[in-house]
Each structure stands twice: as structure tokens, then as C-alpha cells.
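Novice: Any chance you could fold what I've pasted below:
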Amino acid sequence: MVETRYIKIDYGESINAKKQILASEISLIEIIKRINNYRLLRKKELETKLRLKASLYNLKSDINSINATFPEHEQTKTIYKGKKAQINKIEKSSTTKKQLDFQNDIEEIQAKLARLG
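Specialist: Residues are numbered from 1 along each chain as shown. A predicted model of the protein is given here:
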């Protein structure tokens, strides 16, 4: 059986406790924002790596097809000039909406803190 106990604290201590709880909430929200930002950046990085890998594969196949058209000779040396790969920018996803929600939460908590003290 769970027993409930109450502790009497004065007004000043209760205000400080509320401030600490609200400050903790702000810190947690900031951590969540950073984690979501990391996930977004990691996803962009992986997409970019996949596009680069596909571009390199296409470039290699193009070079091999060009080499196949050349006559084979022992004294022939070929110099490859690489193509510059152009990578398109990734459009912003719905993370901006999440960031706005977090920002609203932070503003609400800060307003509560301002009202308390």
C-alpha cells in the first residue's frame, strides 16, 4: 500500500521550485530541438552520400564505355578528366513546424517564469 505524505514549504520555496521545474522544461525542449536538428542533418548527409555514390557509379560507367571505344595499344595513355557533380539542395522538410512548436512552448514557459517572479 502506498502512503501519501505531505511536506509543508513556504511561499518562497514553492516559487523557486516552480522556477526550477520550468527551467528544466526549457532545457529539455532545447535538447529535443538539438536532437531533431541532428537527425535532419544526418538524413541530409546520407541523402547526399547516396546521390554522390550514384553520380560516381554513372561517371565510372561512362568512362568505361568511352574506354571501350578506344583501340587498345600498349603505348596509349589515357587521362581522365572528372566531371564536377552538381548536387541539388534538399528542400526544407516539416521540421520548421516542429521548431515553431518548440519555440511556442519555450515562450509560454518563459511567460510563466516572468509571472512567478
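Novice: Count the residues that sit near R115.
Specialist: 8 (other C-beta atoms under 10 Å). Just so you know, the C-beta spots here come from the backbone N, C-alpha and C atoms, and that holds for glycine as well.
Novice: what does the worst-scoring helix or strand of the chain on mean pLDDT rub up against?
Specialist: In the chain, the helix or strand scored least confidently by mean pLDDT, DSSP states H and E is helix 95-116, which has a mean of 79. The contact list for helix 95-116, computed with C-beta atoms under 8 Å, 6 or more residues apart in numbering, reads 15, 18-19, 22-23, 25-26, 29-30, 32-33, 36-37, 40.
Novice: Go ahead and build a PyMOL selection from the buried members of those residues.
Specialist: Buried residues within those, by 16 or more other C-beta atoms under 10 Å, are selected in PyMOL with:
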select buried, resi 22+25+29+33+40
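Novice: Out of the contacts of helix 95-116, which comes closest to Y57?
Specialist: Of all the contacts of helix 95-116, L40 has the smallest distance to Y57: 26.2 Å, by C-beta to C-beta.
Novice: Please name every helix or strand in contact with the helix or strand encompassing the closest one.
Specialist: For L40, the host element (DSSP states H and E) is helix 11-69. Applying 3 or more C-beta pairs under 8 Å, 6 or more residues apart in numbering; DSSP states H and E, one finds that helix 11-69 contacts helix 95-116.
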